[in-house]
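Participant: Fold the following and give me the result.
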Amino acid sequence: MPSTVEFCNRLHKTFFGDILLSSYLEVIRKPAAFSTFGFGILGRIPLAMNPVAIVLLISSTKDSFAYAGLASAAYTLAGALVGPRIGRLADRKGSRVVLVPITILHIISMLALIKVSSGGIFPILLFAACSGATLANIGSYTRTRWSRALGNMKELNTALSIESVLDEISFVSGPALAGLLYAQYSPAVALITGLIFLIFGASGLAYTSGDHDIAENREKRQAGLLKIPMIKALLFSLIALGGVFGGNTVAILAAAKSTGHGSQGGLLVALYSLGSLVAGTLYGLHHWKSSPSHRYFIALSFMTVATLGPVLIQEYDSLAVLVMISGVAISPTLIAANALLKILVPSDRLNEAFSYLGAAISIGITLGSAVTGAIVSSYGSWKGFNFVIASSIIATAIALLGLHHHRKLSKV
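Facilitator: Numbering: from 1, shown residues only. Below you'll find the model as predicted:
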């Protein structure tokens, strides 16, 4: 009989060799995989860094978190409104033609924001909005590239899983890096560092862009994406899902502060993303035979159950575990949403479609943060989780109604 050590070695080799490597190496060995993932992670970091760095910058120069919140909201909402239009332009002209000029405009806007950060609120809001509107949503470009390059759904599911893991890595490391640079140097240095990451990420993706970055049948793109069945339901569901993300962040930080553990709030938020990162990695190992719409609904249902924890158990000692459990549903939900979009939307509209997905989540995060902040201020820190569970229920209900409506249309 083999020893325990030999058995563990065989198990390790079988799991990580036969399962993990066979699932992920198939995608990693694809042409331009390293450049897509590598430049993609670099370009994502500013997306996670900038909102935190802007709050730190304006709250320092204006000594007002109210002004800082307004600047951050202007930045986020401008990106949500303009992003899909830039995505549509990328579908028509190709990534290379679009990424370079909007990155240059973003650099100019961000440097202007740093310059006027000590001035009046109007120029601050103006350049914050310009910075948000011109920041390339790198994840949309990389997901579009994979969706057009991979015809095998198993490989695409794995690629989207890796993309989700990279999202979580950026959202764990980005805010932490912004805080570190703020503490060691200044918030302006954090924003400039974000620009450096973006320059390498965006220029790298532009340089390695190919034929799959330019849509075919461009003359057929007259009808709006919102007229496609189930798209509206998916986007409204994602707005509610964004409310879960934004609300959870505020509620977690408030609960930590109210119990005398304010310095640990950032770590708890990181655990929320860590749960998603682990789930996203494991999700990509499996070849899912069910439809993305069903997986999206099931993941949202699990999220609703998982977010009940902090509502029912209002104890700080249990919060870390509860937060990590609730984060497990994030990656599977977003991966399924991306896969569903790929099926619903023509391939020549994918940049625009993925930009809409990101915009819907950004709007939800902004609304969720604002509403949860008001609830916490008026009723107490733990009450913020009530909004989180309500948003999750709404997202699940909309997904169920949209799925039911889509089935009815499919039978017609």
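
Participant: what about the residue lying closest to Phe297 once chain neighbours are set aside, neighbour count?
Facilitator: Residue nearest to Phe297 in three dimensions, not counting chain neighbours: Ala399, with 4.8 Å by C-beta to C-beta, 6 or more residues apart in numbering. To be clear about C-beta, it is placed using only N, CA and C from the backbone, and glycine gets the same treatment. The number of residues packed near Ala399 is 30, by other C-beta atoms under 10 Å.

Participant: surely Ala399 meets Ala233?
Facilitator: Yes - contact status for Ala399 versus Ala233: in contact at 6.9 Å, counting by C-beta atoms under 8 Å.

Participant: ok, back up a step: so who does the residue nearest to Phe297 touch?
Facilitator: Contact partners of Ala399, counting by C-beta atoms under 8 Å, 6 or more residues apart in numbering, are 233-234, 237, 293, 296-297, 300.

Participant: Where does it sit, in terms of helix or strand?
Facilitator: Assigned by DSSP states H and E, Ala399 belongs to helix 384-411.

Participant: average model confidence for that helix?
Facilitator: Taken as a whole, helix 384-411 has a mean pLDDT of 81.

Participant: burial count for the closest residue in space to Ile228 that isn't next to it in sequence?
Facilitator: Leaving out its chain neighbours, the residue that sits closest to Ile228 by C-beta to C-beta, 6+ apart is Leu344, at 5.7 Å. For Leu344, the tally of surrounding residues (other C-beta under 10 Å) stands at 18.

Participant: For Pro292, see how far away Leu344 is.
Facilitator: Using C-beta to C-beta, to the nearest Å, Leu344 is found at 9 Å from Pro292.

Participant: give me phi/psi at Leu135?
Facilitator: Note on Leu135: backbone dihedrals following degrees, to the nearest 10 are phi -80, psi 120.

Participant: Give me the pLDDT for it.
Facilitator: pLDDT recorded at Leu135 is 92.

Participant: Likewise for Thr333?
Facilitator: Per the predicted model, pLDDT is 90 at Thr333.

Participant: from here on, count from 167
Facilitator: Sounds good: first residue 167 from here, last item Thr499.

Participant: what helix or strand is it on?
Facilitator: Using DSSP H and E, Thr499 falls in helix 496-510.

Participant: nearest spatial neighbour of Ser528, skipping sequence neighbours?
Facilitator: That would be Ala246: by C-beta to C-beta, 6+ apart, it lies 4.3 Å from Ser528.

Participant: show me what contacts Pro212?
Facilitator: By C-beta under 8 Å, 6+ apart, the neighbours of Pro212 are 301, 340, 360-361, 363-364.

Participant: rerun at 10 Å
Facilitator: Contact partners of Pro212, counting by C-beta atoms under 10 Å, 6 or more residues apart in numbering, are 219, 272, 276, 297, 301-302, 304, 336, 340, 344, 356-357, 359-365, 367-368.
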